[in-house]
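*Asks:* Here is the input, now give the coordinates:
(chains A and B)
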Amino acid sequence: QQKVQQSPESLSVPEGGMASFNCTSSDRNFQYFWWYRQHSGEGPKALMSIFSDGDKKEGRFTAHLNKASLHVSLHIRDSQPSDSALYFCAASDPYNTNTGKLTFGDGTVLTVKP
Amino acid sequence: DAGVTQTPRHEVAEKGQTIILKCEPVSGHNDLFWYRQTKIQGLELLSYFRSKSLMEDGGAFKDRFKAEMLNSSFSTLKIQPTEPKDSAVYLCASSLAGGASAETLYFGSGTRLTVL
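*Replies:* You can find the predicted model right below:
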């Protein structure tokens, strides 16, 4: 059973538009969430983490976490062609937090069209 | 600071060959992970080391996959013998367990393995 589900599988937005990604965990032990981004030919790179309920904003990126529903989202405003990549949601439970061991979703492919 | 370094970037092997992939983690990191990435299965954890000790060895990969960490700055992943279904991107990642950013994994660029 996939413990971290992402949607949609793929997403296409125009340059300057808003891109939104969703992630839901089926394991209530997962309390900490991350978003990673992977450009073609590279390894994933951490975008941001969110551990508390509510919103967290870093530049054009905003993450939202609702622990009660185990739902986390990521929004990119003013999307740029360079944002085109594969986006992963990742989660860990408190027992594993300090180990860095994460469970990854299957990813969402974002295409930003000029 | 140097990131995670993986070599080679590309590897082509014949079925039945032995291949060894290499990884140098970020200096000072004490957690090291090997992942396999395919379009169908996504990211799959192969092995996890903490301070050079093997903490987890992915059950489904035990028979032909062996990861080792001979010192804190170098790890290898051996696949013996290779099969065409092993064709994938192999990613190495490290993290500073116990530090303020313990939760962040730093990935290398990966090795793309093709088994003919």
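*Asks:* going forward, measure contacts between C-alpha atoms and count neighbours the same way
*Replies:* OK.
*Asks:* can you confirm A:Arg37 is in a strand?
*Replies:* Yes. Under DSSP: H, G, I helix; E, B strand; the rest coil, A:Arg37 sits within a strand.
*Asks:* residues from chain B in reach of chain A?
*Replies:* Taking Cα under 8 Å from any Cα of the partner chain as the test, the list of chain B residues beside chain A reads B:31, B:41-43, B:50, B:91, B:95-98, B:102-110.
*Asks:* What is the least confident helix or strand in chain A?
*Replies:* Each helix and strand of chain A was given a mean pLDDT (mean pLDDT, DSSP states H and E); the minimum falls on strand A:103-104 at a mean of 90.
*Asks:* got the contact list for A:Asp93?
*Replies:* With contacts defined as Cα atoms under 8 Å, 6 or more residues apart in numbering or on different chains, A:Asp93 is in contact with A:Asn29, A:Phe30, A:Gln31, A:Tyr32.
*Asks:* Ignoring the adjacent residues along the chain, who's closest to B:Leu96?
*Replies:* Spatial nearest neighbour of B:Leu96, excluding adjacent residues (Cα to Cα, 6 or more residues apart in numbering or on different chains): B:His29 at 4.4 Å.
*Asks:* what's the burial count for that neighbour?
*Replies:* The burial metric for B:His29, expressed as a neighbour count using other Cα atoms under 10 Å in any protein chain shown, is 21.
*Asks:* Please convert the contacts of A:Asp93 to TSV, extending it with distance to A:Leu74 and neighbour count.
*Replies:* Compiled in TSV, those are given as follows (distance: Cα to Cα, whole Å; neighbours: other Cα atoms under 10 Å in any protein chain shown):
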residue	distance to A:Leu74	neighbour count
A:Asn29	21	14
A:Phe30	17	22
A:Gln31	16	21
A:Tyr32	14	21
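*Asks:* Which two among those are spaced furthest apart?
*Replies:* Longest distance between any two of those is 9.1 Å, between A:Asn29 and A:Tyr32; criterion Cα to Cα.
*Asks:* so where is chain A shaky, pLDDT-wise?
*Replies:* Residue ranges of chain A with pLDDT under 70: A:1-2, A:94-100.
*Asks:* Going along the chain, name the strands of chain B.
*Replies:* According to DSSP state E, chain B carries its strands in the segments B:5-7, B:10-13, B:19-24, B:31-38, B:42-50, B:53-57, B:65-71, B:74-79, B:88-95, B:106-107, B:111-115.
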